[in-house]
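K.L.:
below are the sequence and a predicted model for it; my questions follow.
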Amino acid sequence: EPEVTQTPSHQVTQMGQEVILRCVPISNHLYFYWYRQILGQKVEFLVSFYNNEISEKSEIFDDQFSVERPDGSNFTLKIRSTKLEDSAMYFCASKSSGGVTNEKLFFGSGTQLSVL
Amino acid sequence: DAKTTQPPSMDCAEGRAANLPCNHSTISGNEYVYWYRQIHSQGPQYIIHGLKNNETNEMASLIITEDRKSSTLILPHATLRDTAVYYCIVRVAGNQFYFGTGTSLTVIP
């Protein structure tokens, strides 16, 4: 079965540093997402991306965050200046062209970000 | 935001059916019921979804009450690998998936 691939699986960084989390969505998918999960807490929506632009973002997704689809296969999440509270598991997700009966969201296995 | 209520935890004996309830009393007519699960800290995994009718696939069955105010996810023969957090989500097609706190299911040998 096709899958969403995320790299790296673990990322350790110093507070204030920039990080880029990378994702390769399923190849024929058009809608892309980032979610995060702080240890012991809920899975939280960050941002959705379609047609090379952000379609929706949550309050968490402030100016420190940005997303990009630099080529036809990668989808990245950049955190400009990391804070301790950015430590979390970050999940990338994608789905295909949509439509009522085809709304399955496929998640990657996540990148564990630790900010020291 | 999550508009569902689920019990925080449940146990099920291996080989028995696991019945996971979900209340969504404020569901509107165009909102679907989705179920996902998360094993350990892996990415959430799609299980099943439905609108009004009961649904079945290779993983599970979804039973939605006639008034649509509640539903039950059924894993017909639970295995140890089904131990996970199960999320019930209601949403309008095209909107985001918002996860609640889910039900932590433990399958006991």
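P.N.:
Everything's here; your move. Just so it is clear, the model here is predicted, and its values are computed rather than measured.

K.L.:
bridging residues for the residue sitting nearest the centre point of chain A?
P.N.:
In chain A, the centroid-proximal residue (C-alpha atoms, centre = their mean) is A:Trp34; its distance is 2.8 Å. When assigned by DSSP bridges, A:Trp34 has beta-bridge partners A:Val47, A:Cys92.

K.L.:
ok, it - contacts?
P.N.:
A:21, A:23, A:46-47, A:67, A:77, A:90-93 (C-beta atoms under 8 Å, 6 or more residues apart in numbering or on different chains). To be clear about C-beta, it is placed using only N, CA and C from the backbone, and glycine gets the same treatment.

K.L.:
quick one: it and chain B, what's the gap?
P.N.:
Taking C-beta to the nearest C-beta, to the nearest Å as the measure, A:Trp34 falls 11 Å from chain B.

K.L.:
stretch B:27-45 near chain A at all?
P.N.:
Yes - applying C-beta under 8 Å from any C-beta of the partner chain, one finds stretch B:27-45 in contact with chain A at B:32, B:34, B:36, B:38, B:41-45.

K.L.:
just give the nearest non-adjacent residue to whatever residue of chain A ends up closest to chain B, would you?
P.N.:
As assessed by C-beta to the nearest C-beta, chain B sits closest to A:Phe107 within chain A, at 3.1 Å. Nearest in space to A:Phe107, with sequence neighbours left out and distances taken as C-beta to C-beta, 6 or more residues apart in numbering or on different chains, is B:Gly43 at 3.1 Å.

K.L.:
the one you found against A:Ser94, yeah?
P.N.:
No - at 11.1 Å, B:Gly43 does not count as touching A:Ser94 under the criterion of C-beta atoms under 8 Å.

K.L.:
which neighbours do the two share?
P.N.:
In contact with both B:Gly43 and A:Ser94: A:Val4, using C-beta under 8 Å, 6+ apart.

K.L.:
count the neighbours of the residue nearest to A:Phe107 for me.
P.N.:
B:Gly43 is flanked by 23 other residues according to other C-beta atoms under 10 Å in any protein chain shown.

K.L.:
quick one: contacts for residue 68?
P.N.:
By default, I'm working from chain A. By C-beta under 8 Å, 6+ apart, A:Glu68 lies in contact with A:75-76, A:78.

K.L.:
chain B was what I was after
P.N.:
So B:Arg68 contacts B:24, B:27, B:33, B:52 (C-beta under 8 Å, 6+ apart).
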